[in-house]
Every structure is written in C-alpha cells, then in structure tokens.
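# Mind looking at a prediction? Sequence and model below.
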Amino acid sequence: MKEKLQQLLETLTSERGELRVRLHLLGMEAREELEHAETKWQNMQLRLRDAGWELNLKAKEEIHDLGENVDELQHKIGDKVADIRIEVVEELHELGEELSELYQKIRRHF
C-alpha cells in the first residue's frame, strides 16, 4: 500500500509538473495572441484615422464644389431675374403707350 501511495504521489507530482509546463505554454500562447490582437487593433486605428482624413478631404472637396454650384445658380437666377425685369418694364411701357392712345381716342370723342 505504501508503494501504491508512493507511486500515486509520483504520478501526481509528474502530472503537476506537466500541468505547470502546459500552463506556462498556454500563458506564452495567450501573450502571443494578445500581441497579435494588439497589432491588429493598432493597424485598425491607423486605417480608421487614414479613412477619416480621406473622408474629411472628400467632404471639403464636395462642399467646395457645392459652393461653386450654388454660386453658378445664383448668377443664373440673377440673370434670369434681370431678363424678366426688362421684359416686365417693356410690357409696362407698351401697355402705357396703348393706354395713352386709348385715352387720346376717348378724349377726341368727347
């Protein structure tokens, strides 16, 4: 019985040693995995920062282009308003002349 107990103790001691080695190796693997994950994290942050810069530049370009389009539209609207104003003035002038002629005709009859 003493021999069986001694053999069991040796087996447990051996398994304990193996377990410690496995835990050590698992710790090393875990550290390697953590370092790998940390590298991925840093790369992702760099890509996000770069993407942010690119989006910022694109947004600035699009805002600039939009501003130019708004300016062009304002000029076109301004030109169209001026054209319409001239047409209205000419129409009013013609109406005024027609009214004057009608007034002259009516005055001659009385």
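In hand now; what should we look at?

# pLDDT averaged over the helix or strand Leu26 falls within, what's the number?
Leu26 belongs to helix 2-109 when assigned by DSSP states H and E. The pLDDT scores in helix 2-109 average 89.

# Off-centre distance for that helix?
A distance of 0 Å separates the centroid of the chain from that of helix 2-109, by CA atoms, centre = their mean, to the nearest Å.

# That helix - contacts with which helices or strands?
If contacts are counted by 3 or more CB pairs under 8 Å, 6 or more residues apart in numbering; DSSP states H and E, helix 2-109 sits against no helix or strand. For every residue, glycine as well, the C-beta is placed using N, CA and C.

# residues contacting the residue sitting nearest the centre point of the chain?
The structure's the chain has its C-alpha centroid closest to Leu55; by CA atoms, centre = their mean the separation is 5.7 Å. Not one residue lies near Leu55 by CB atoms under 8 Å, 6 or more residues apart in numbering.

# go on, Lys76?
Shown in contact with Lys76 (CB under 8 Å, 6+ apart): no residues.

# how close does Glu68 sit to Ala82?
21 Å (CB to CB, to the nearest Å).

# Which residues are in contact with Glu98?
For Glu98, the contact set (CB under 8 Å, 6+ apart) is empty.

# Report the separation between it and Arg107.
Where Arg107 is concerned, Glu98 sits at a distance of 15 Å (CB to CB).

# Then Lys58?
72 Å.

# repeat for Glu61
Going from Glu61 to Arg107 by CB to CB gives 68 Å.

# try His64
Counting by CB to CB, the gap from His64 to Arg107 is 64 Å.

# Then Asp65?
62 Å.

# Against His75, how distant is His64?
Counting by CB to CB, the gap from His64 to His75 is 17 Å.

# sorry, that was for Glu54
32 Å.

# How about Asp50?
From Asp50 to His75 the distance is 38 Å (CB to CB).

# just Glu29 next, same as before
From Glu29 across to His75, the span is 69 Å (CB to CB).
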